[in-house]
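> My questions concern the predicted model and sequence given below.
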Amino acid sequence: MYYLKPSWLTHSEGQKHFEIYSIHVSPDGARLASGGLDAKVRIWSTAAIYACANAEGAENVSNGNGKTQSCLGPRQLCSMSTHSGAVTVVRFSPSGRYLASGSDDRVILVWEREEDGHELSVKEFGSHGEGDSERWMVRRRCVGHENDVQGLEWAPDSSILVSVGLDSGIIVWSGTTFEKIKRLDIHQSHVKGITFDPANKYFATASDDRTIKIVRYHRTSATDITFSVDTTVTAPFEGSPLTTYFRRCSWSPDGSHIAAANATNGPVATVAIVNRGVWDSEINLIGHEGPVEVAAFSPRMFSKAKGSKQLVTVIACAGQDKALSVWNTSNPRPIVVSQDVAEKAITDLAWAPDGQKVFASSLDGSILVCIFEEGDLGYIIPLEENEKQLAKYGGGRDAMHFPESVEQLALEEKSYKKESEQGKKRLKELMEVKAIAANGTPAAPTSALALETDGPSASAGHGTADANAGVALPISSRQPVLSAQPQMQKVVITKEGRKRVAPMLVSSSSSGPMASTTPVVATSEATSLESSTVQYSEPSNRLPPGGIQTLVVGNKRRLQLDEQEGNRNDAKRHAAELDVPDFVRPAVISPSITLSQVRLATPKVKTVLSTDDRGSSVMLEVRNGAGGEKEPTRIILQRKGQLLWSNFVPKMVLLVTGSTSFWAVGCEDATIHIYSATGRALVPTIVLESTPSFLDSAGKYLMCLTSTGMLYIWNTLTMTSPHPPVSVAPILDAALYSDSGLHKSPSITKCAITAVGSVIITLTNGDGYSYSSSMYAWQRVSESWWAVASQYWDSSGMHSTGGAVGVIERRTDEELKRTGKGRALQRMVKSAMMREGYEGIETTVSIAHLENRIGAAILLGSKKELYTYMIMYARRLAEEGLKDRIEELFKELLGPMETSQTGPYEARICGIDKKELLKEIIITVGKQREIQRVSVPYAKLLGILDGDVMDTD
């Protein structure tokens, strides 16, 4: 054992040294925080302290063993001077994310380190010494005390922060939002110390009213915690002096004892050891000549000898006599007593996480560290033994919640059993895939479409697949994958007479299909939900860079003053400022577009257009004529070059789409022709108000978006429309622009329809929309807000469900990356989180994002996504302890007990049985004890717990 007391480890300005009131070591052991009379919080590098060794040019210090050592490397990492008064207490959160500091300015500051930090040292203006190499920002300013803050402590799980002060008050703050949860006025005088039970059941506060209050707390929801005073300890403090700065107590790492400072045994100053449960004090640590202000247990437990099962705890004590003593529970006398280690009273003690080093701060402005070598205190045992000891008091998992019935335990067992089965199933699937790959046999397709069972699957713009589409076939039914045949390369002679090998396309370098690890399914006509639901039919998917440009006339009224002053120059100004996009093709445009509020670009006229029913050999080909009766346009349907049927139309065709059940073409004269699979005209020619800009199909539905922004959807089986024609002006931000002249609005990057008749439109601003035929309103399915503030946004695409909602969100992510707005928005959100009232923004937005996903999946009829998002949503609600919201979800899925009271009850949602879905949700969240009071009654109603026999051994 030896001491280190670096001369630079002080709060000083020039030759003046300030008193240090508090110190604390971070959970990773890399930083030491200190606070003092200079109103500053300083962060020190523990590595620089430990690395005091002889080196050339280093500052020499005494290590307490008569040896001279020197200090190298960065010393002070950061100095924060936000407080306006002396800093009386500093404490790192157990998670290591935050640092809380209290001051006699009555304010508590919660600090958070910026990950980017400083690459170069930055010195505070007007300060002396080395600059800061880290940057700590104030995350929250907590105001609630009416006098000096004397003590702070975090719960073991960082869920709450408790502060005490000279106003005799105890304030509980949320550990996530840092909002005030409750104020307890249970003491009659200054409160000067606090410690938490490592089992997360109690905290103890020490006061000048000569008592210690044991407060029990219990979480009933994410934001609701009940507090009650379990007992009051008075016996060891009847003669306690009132002249100490602090009464810093400590709870042992095994949860069995509390070391209470500033106790007395007659006229002798002692440290009282309070026993848990009975809360009496039979042991006193006697030896200090003055009042003991601080006692601190080592965070680790020790054994007396290697391999010994006898466990001991170690405690350090210090106070006004300037002495430091170290004790353990197996010895009635102290292990170490060091006299006069400081020139004035010792104010705080802090152990390093390894339990072998203890720091001490003093009113003389110095900090020293006592370093023990192996065997000095005993032999450290693994942390698992700490957890076993705490388990006796309910520590560990769900430490703040206890099962209240056999049914809760049964539900919890089912939840863990299902979780284990799912893990084994995923592992088995992974091993099967690896085995198949090792044998050289292609694995079965695992596309999202193969998992969807909503009904007939379809490819957007290419119709409905047959009954086997999207179903993984047996290996024997797949087409064989032919090996690539080598082909002779061509040698050409240049003008200079040199021979060169002509380059060849990879796709054309073999006479047969290329060898591939991707399976070829014989009858499947769709491969993924993205390609089968929202891809464009030819040629409308070949959009120019940036999508189809749009113009809108705004709805917003200009100010009267602006109208009077600027109306005369509006036309010239708009003509000069507005970059009017060229149409994609020079074509005859309907005159109605000049009067329309929305104006979209139109496709180019091509000589030949073609589209196929994806996955089959049927192809529709259009050969445009001269655009009149003399040379009409020819429409041909063929299979492998064999003509099936043909037809003629007098006008030029701009767009084509189709499927196995119907084919459609959009003409330049704003007409739509729909044909059956055999070429029969299903309806007379449909006449629109303007030229079509998009034409798409999926299943039995056909969609058309015209150049004036009118959206049409038709059911080709019933020849009906789910809703009247609707304008896309609301989603093009028409309400944001003034009503004078044209304005350039976001471009359309995708316009498609799903197999259930839901339209999907994405824009260059990252937003994705769909139209609700039941509510007659546009709904925003995806937006950039979720990307920057939600914890469930998947930028990598690795966790995508493959459904329509996932496809739209990927479009949003692509636009954010393309424009570079994502990082700027994230910085804005991070800055907002530091302001008062915005602390829980991530959690709130994440839950709202899941709710938006659920609504979008219902709107788009995406069965697999709805199931996935429902499970994720219920799990998050349970983790946050939002009992009211999760009970509301349970009631909605269960339905009314008597349908006559509330009308008809729809038992299915997107093809999923609501009660079966509810069963899955209840089993999934059954392990969350916070909401078991809610989930168990529903589990009984659904018969989940019927026939369960609990093993009581």
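Alright, I've got the coordinates. Residues are numbered from 1 along each chain as shown.
> my read: Tyr905 touches Gly895, true?
Yes: under the criterion of Cβ atoms under 8 Å, Tyr905 makes contact with Gly895 at 4.5 Å. Yep, even glycine has a C-beta here, placed from its N, CA and C like the rest.
> So for these two, which sits in the more crowded spot?
The residue with more neighbours, out of Tyr905 and Gly895, is Gly895; 15 against 11, by other Cβ atoms under 10 Å.
> Contacts only, for that one.
Tyr905, Ala907, Lys914, Lys915 (Cβ atoms under 8 Å, 6 or more residues apart in numbering).
> how close does it get to Ile923?
Computed as Cβ to Cβ, to the nearest Å, the Gly895 to Ile923 distance reads 19 Å.
> Who's the closest spatial neighbour of Ser795, skipping the chain neighbours?
Nearest residue to Ser795 in three dimensions, chain neighbours excluded: Asp813, at 5.4 Å (Cβ to Cβ, 6 or more residues apart in numbering).
> Can you report how many residues lie near the one you found?
Using other Cβ under 10 Å, Asp813 has 21 neighbouring residues.
> Quick check: it touching Ala787?
Yes: using Cβ under 8 Å, Asp813 is in contact with Ala787, at 6.1 Å.
> got the residue ranges for the helices in the stretch 701-850 of the chain?
784-789, 804-819, 821-833, 841-860 (DSSP state H, counting those that start in this stretch).
> got those helices as TSV, with mean pLDDT and distance to Lys414 columns?
TSV is the format used below for the helices of the stretch 701-850 of the chain (pLDDT from 0 to 100; distance: least, Cβ to Cβ, whole Å):
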stretch	mean pLDDT	distance to Lys414
helix 784-789	84	33
helix 804-819	87	30
helix 821-833	69	38
helix 841-860	91	24
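> can you tell me which of these comes nearest to Phe694?
Of all the helices of the stretch 701-850 of the chain, it is helix 804-819 that lies closest to Phe694, at 15.4 Å by Cβ to Cβ.
> For that closest one, which outside residues touch it?
Against helix 804-819 from outside (Cβ under 8 Å, 6+ apart): 529-530, 533-534, 749-750, 754, 758, 760, 762-768, 781-784, 786-787, 793-795, 797, 800, 822, 825, 853, 856-857, 860, 862, 865, 869.
> from the residues you listed, which would you call buried?
Using 16 or more other Cβ atoms under 10 Å as the burial test, those include 529-530, 533-534, 749-750, 754, 758, 760, 762-768, 781-784, 786-787, 793, 800, 822, 853, 856-857, 860, 862, 865, 869 as buried.
> dump the residue contacts of Arg31.
Val25, Ile43, Trp44, Ser45, Thr46, Leu77, Phe92.
> swap the cut-off to 10 Å and go again
Contact analysis of Arg31 by Cβ atoms under 10 Å, 6 or more residues apart in numbering lists 24-25, 43-47, 77-78, 92, 96, 99, 113, 134.
> Would you write a ChimeraX line that selects the buried entries of the residues you listed?
Those of these that count as buried under 16+ other Cβ under 10 Å are selected in ChimeraX with:
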select :24,25,43,44,45,46,77,78,92,99,113,134
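> from the contacts of Arg31, which single one is nearest Val608?
For the contacts of Arg31, the nearest to Val608 is Arg113 (62.9 Å; Cβ to Cβ).
> What residues does that closest one make contact with?
The neighbours of Arg113, taking Cβ under 10 Å, 6+ apart as the test, are 26, 31, 43, 77-78, 96-99, 134-137, 139.
> 6 Å - rerun?
Arg113 makes contact with Trp136 under the criterion Cβ atoms under 6 Å, 6 or more residues apart in numbering.
> now swap in Ser362 and tell me
Ser362 neighbours (Cβ under 6 Å, 6+ apart): Ala342, Lys344, Ile346.
> so where does the spatially closest residue to it that is not a sequence neighbour fall, helix or strand?
Distances taken as Cβ to Cβ, 6+ apart put Ala342 closest to Ser362, at 3.6 Å, once the chain neighbours are dropped. In the assignment (DSSP states H and E), Ala342 maps to no helix and no strand.
> who does the one helix or strand Ala295 maps to touch, helix- and strand-wise?
Taking DSSP H and E as the criterion, Ala295 maps to strand 292-297. Applying 3 or more Cβ pairs under 6 Å, 6 or more residues apart in numbering; DSSP states H and E, we find strand 292-297 packed against strand 250-251, strand 257-265, strand 268-275, strand 314-319, strand 346-351.
> ok now the shortest one, how far from the chain's centre?
Just to be clear, that refers to strand 250-251. 35 Å (Cα atoms, centre = their mean, to the nearest Å).
> Give me the sheet partners of that strand and which way each runs.
Partner strands and pairing direction for strand 250-251 (DSSP bridges) are strand 257-265 (antiparallel).
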